[in-house]
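Student: need the 3D shape of this:
(2 chains)
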Amino acid sequence: MAITQQSPTPSPSLSPPTASPRSARARRGEAGAAALMITPALALFVLFLIVPIVLAFALAFTNARLISPRPPEFIGLDNFALLFTDPVFWASVRNTFYFAVVVVPVQAGLALLLAVLVNAKVRGTRFFRTVYFLPVVTSMVVVSLLWRFMYQQDGLINKALQSVTFDRFTPVDWLNDPAWAMPAIMLMSVWQGVGFTMIIWLAGLQTIPGELYEAAELDGAGTWHQFRYITWPGLLQTRTFILVTITIAAFSLFTQINVMTQGGPLDSTTTVVYQAVRSGYQQLQTGYGSAISLVFFVLVLTVSLVQRHLTRERG
Amino acid sequence: MSVTSIATPTKRSVVVTVLRSVLVVFFAFPIVFMLVSSLKPDLQIFADLGSWRAFLPVGDVSFANYTGVFDRVPFARFILNSVLISGVTIALGILVNSMAAFALARLRWRGRGLVLGLVLATLIVPFETLALPLLWWVNKLPSFEADGFSLAFKQGWLDTYQVQIIPFIANAFSMYLFYQYFASIPRELDEAARMDGAGWFAIYRTVIMPLSGPAIATVAILTFLPAWNSYLWPLMVVQSEELRPVMIGLQYFFQLNTSWGQVMAYSSLITIPVVALFLAFQRSFINSIASSGVKG
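Tutor: Prediction:
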């Protein structure tokens, strides 16, 4: 079930070879069985995926409220006009990009280092892989509370920094300092997510044939050259996948913010999804919140298309 | 063999070992700190912060924080809610998505390619985009409540179990994983069963599903993790205490509580079972995560 299986994916449009003479009745029976078996999934899809997708576009142009006796009215681009003049919205866009621009390369890079380290033929590999993966199976809510505790002014991180510098370090109130709050959340997010990315890199590494390395070894290629000319080109597909998924995950930043800072201090950690939830849920403005969600979706779509395009060209 | 070709691998393995060990400390220390702090009263936690004792279960160690969790909130109820929600989502998810995948992978019918293409296209839509429209929509859906012997009609799914389960049963990615797996099973098996007079549903139940253990495990794990960790959705749709899943319960517990020791105890209680599951089924977990790489 690893990445290796992705190439022989049967193309959906190709029908299986038509079998020897089959009666029309048998074929009708087959279509009937298919209809019965796919209906539950399709019905649920329509109700909870297709309808919300359509609504995401429709509600953004209305004044819909979550709890209101009146039906939503069409108000054109008013939500977007309001949105684009709201400084907090722009702050949330900036913060979201700031988070993604730092977290995506750091997480992808560190994860690749971990994957290479775990892939090396040295004893204890299983143990190391397990430990690196532990934060992934720890829920983000737990992780956020735990790090909130560690980041306190009188918390573990400050105390440890003071110990190693013999008290020359002045404690920082990490999450209440507009300059430090976002970097603190970034560090924690990388800590939590990097094990997941490592596993995907690892699956990619294992598709590269070992003989290539043996041949390079015979030719006297060093570690760096082996990485540069065998590993890196061999990971092209994995790379695209990882960049796209962690960028989308980074753009979706919400839980950490809601648990740790509520967007503060001074809007330095508010994000697009956090703003959407705040307007659409806490303030009950479904229409306005949907407009923010729509902007978020366009952002995600653009970035993943651009990234796909770039990595394909360069490869 | 030259001297360098012997020396290089040794030097390399030393570097690898040192790096790996430093990284172990980085990834393990917060979790060790959480577990250790859950056993100490707050005064001791803070007294120990400046030394190695912060990571060692020494001093005034007890399970008092754990009993405190059960005393202050209906923790058992939260756990049961999460077990129920993730259990039902997994079971129905496996059934619904595998049946659909069977129809897509093994049966011939018109429109098959179109449906498959649509399902795959929805993979790019993050849940965060749909959360608000979905919230507005489920609040309009009718629901029926058994009230004694009569069925009462009420508008809106907010604050129910069903709103935490039903929207997450059909899952494009689960369907795709089943589809891929089913497509790799030889078609001759179906033909043979057809010769013996088996119907399509019987083939699905007695031929295909019994061969699909790895796919079922993958789907179960990839459904379990987000269901157990779910936060944004229940935050918006659950109000009553008795319907709260564990993560919402944790935030609520944190808000009415200033004892970090107890918060760490609650956190440990909901983390340990998942870590235990991960350690017991490590192969399957790793394979499931790796298989999410096929999305690309």
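Student: now B:A152, what's its secondary structure?
Tutor: Following DSSP: H, G, I helix; E, B strand; the rest coil, we place B:A152 in the strand state.
Student: and it, how far from A:T269?
Tutor: In this structure, B:A152 and A:T269 are 44 Å apart, going by Cβ to Cβ, to the nearest Å. For the C-beta atoms, the positions are set from N, CA and C on the backbone; glycine is no exception.
Student: same drill for these two, tell me which one is more crowded.
Tutor: For B:A152 versus A:T269, the count of surrounding residues by other Cβ atoms under 10 Å in any protein chain shown is larger for A:T269: 26 against 10.
Student: ok so the more buried one is a strand residue?
Tutor: No. Membership of A:T269 in a strand is not supported by three-state DSSP, which gives coil.
Student: doesn't A:A181 make contact with it?
Tutor: Yes. With contact defined as Cβ atoms under 8 Å, A:T269 counts as touching A:A181 (4.9 Å).
Student: what touches both of those two?
Tutor: Shared contacts of A:T269 and A:A181 (Cβ atoms under 8 Å, 6 or more residues apart in numbering or on different chains): A:T261.
Student: B:I31: neighbouring residues, count only.
Tutor: B:I31: 20 neighbours (other Cβ under 10 Å).
Student: just list what the helix or strand hosting it packs against, helices and strands only.
Tutor: Assigned by DSSP states H and E, B:I31 falls within helix B:3-37. If you count contacts as 3 or more Cβ pairs under 8 Å, 6 or more residues apart in numbering or on different chains; DSSP states H and E, helix B:3-37 packs onto helix A:87-119, helix A:125-133, helix A:140-150, helix A:181-205, helix B:260-280.
Student: list of residues touching the last one?
Tutor: By Cβ under 8 Å, 6+ apart, the surrounding residues in contact with helix B:260-280 are A:130, A:133-134, A:137-139, A:142, A:145-146, A:149, B:31, B:34-35, B:37-42, B:45, B:64-66, B:68-69, B:72, B:75, B:79, B:82, B:225, B:228, B:246-247, B:249-250, B:253-254, B:257, B:285.
Student: any regions of the chain where pLDDT drops low?
Tutor: Going with chain A. Scanning chain A for pLDDT under 70 picks out A:1-22, A:312-315.
Student: um, chain B though
Tutor: B:1-9, B:145-151, B:293-296.
Student: that one - how does it break down into domains?
Tutor: What automatic domain parsing lists as the domains of chain B is B:16-62, B:73-126+B:160-295.
Student: what's the helix or strand for the nearest residue to A:L82 once chain neighbours are set aside?
Tutor: Leaving aside its sequence neighbours, A:L82 sits nearest to A:Y288 (Cβ to Cβ, 6 or more residues apart in numbering or on different chains; 7.0 Å). Per DSSP H and E: A:Y288 is located in helix A:286-314.
Student: which elements pack onto that helix?
Tutor: Counting by 3+ Cβ pairs under 8 Å, 6+ apart, helix A:286-314 packs on helix A:51-59, helix A:78-84, helix A:236-251, helix A:272-277, helix B:127-138.
Student: so how far is it from its chain's centroid?
Tutor: Its chain's C-alpha centre and that of helix A:286-314 lie 12 Å apart, by Cα atoms, centre = their mean, to the nearest Å.
Student: just to check, B:S174 is in contact with B:F224?
Tutor: No. Using Cβ under 8 Å, B:S174 makes no contact with B:F224, being 11.6 Å away.
Student: these two - which one has more neighbours?
Tutor: Set B:S174 next to B:F224 and count neighbours by other Cβ under 10 Å: B:S174 wins out with 26 against 19.
Student: measure the more buried one to chain A for me?
Tutor: 10 Å (Cβ to the nearest Cβ, to the nearest Å).
Student: please tell me how far that residue sits from B:F78.
Tutor: Taken as Cβ to Cβ, the span from B:S174 to B:F78 is 26 Å.
Student: burial count for A:L66?
Tutor: Neighbours of A:L66 using other Cβ under 10 Å come to 19.
Student: isn't there a strand covering it?
Tutor: No. Applying three-state DSSP, one finds A:L66 to be coil, outside a strand.
Student: how near is it to chain B?
Tutor: 6 Å.
Student: cool, A:A56 as well?
Tutor: Distance from A:A56 to chain B, by Cβ to the nearest Cβ: 5 Å.
Student: once you drop chain neighbours, what's closest to that residue?
Tutor: Distances taken as Cβ to Cβ, 6+ apart put B:P133 closest to A:A56, at 4.5 Å, once the chain neighbours are dropped.
Student: hang on, isn't that neighbour packed against A:I50?
Tutor: No. The criterion here is Cβ under 8 Å, and B:P133 misses it with A:I50 at 11.1 Å.
Student: compile the helices and strands packed on helix B:3-37 into a markdown table and extend it with columns for mean neighbour count and distance to A:A221.
Tutor: A markdown table is the format used below for those (neighbours: other Cβ atoms under 10 Å in any protein chain shown; distance: least, Cβ to Cβ, whole Å):
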| stretch | mean neighbour count | distance to A:A221 |
| --- | --- | --- |
| helix A:87-119 | 19 | 15 |
| helix A:125-133 | 19 | 23 |
| helix A:140-150 | 24 | 40 |
| helix A:181-205 | 23 | 17 |
| helix B:260-280 | 20 | 37 |
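Student: identify whichever of these lies nearest to A:E30.
Tutor: helix A:181-205 (35.8 Å; Cβ to Cβ).
Student: now B:F144, what's its secondary structure?
Tutor: Under three-state DSSP, B:F144 comes out as strand.
Student: burial count for B:I203?
Tutor: B:I203, neighbours per other Cβ under 10 Å, totals 22.
Student: go ahead and confirm it touches B:D190.
Tutor: Yes. Using Cβ under 8 Å, B:I203 makes contact with B:D190 at a distance of 5.5 Å.
Student: what touches both of these two?
Tutor: Joint contacts of B:I203 and B:D190 (Cβ under 8 Å, 6+ apart) are B:R106.
Student: quick check, central residue of chain A?
Tutor: A:A249 (1.7 Å; Cα atoms, centre = their mean).
Student: tell me how far the closest residue in space to that residue that isn't next to it in sequence lies from chain B.
Tutor: Nearest residue to A:A249, sequence neighbours excluded (Cβ to Cβ, 6+ apart): A:G193, at 7.0 Å. Distance, A:G193 to chain B, using Cβ to the nearest Cβ: 12 Å.
Student: wait, what's in contact with A:G193?
Tutor: A:V103, A:Q107, A:P135, A:V136, A:I246, A:A249.
Student: so how many other residues sit close to B:L56?
Tutor: B:L56, neighbours per other Cβ under 10 Å, totals 12.
Student: so what's it up against?
Tutor: B:L56 touches B:V36, counting by Cβ under 8 Å, 6+ apart.
Student: how about the stretch 201-315 of chain A: which residue is closest to chain B?
Tutor: Closest to chain B within the stretch 201-315 of chain A is A:F241: 2.9 Å, counting by Cβ to the nearest Cβ.
Student: show me the contacts for the most centrally placed residue in chain B.
Tutor: By Cα atoms, centre = their mean, chain B has its centre lying nearest to B:L225, at 1.1 Å. B:L225 makes contact with A:V137, B:V274 under the criterion Cβ under 8 Å, 6+ apart.
Student: A helix includes it, no?
Tutor: Yes. Assessed with three-state DSSP, B:L225 lies in a helix.
Student: separation between it and B:L235?
Tutor: 18 Å.
Student: next one: A:G280
Tutor: For A:G280, the distance to B:L235 - Cβ to Cβ - is 12 Å.
Student: between these two, which one's more packed in?
Tutor: A:G280 (28 against 20).
Student: hmm, A:L294 and the more buried one touching each other?
Tutor: No. Shown here, A:G280 and A:L294 do not form a contact pair, counting by Cβ under 8 Å, at 11.3 Å.
Student: good, we can wrap up now.
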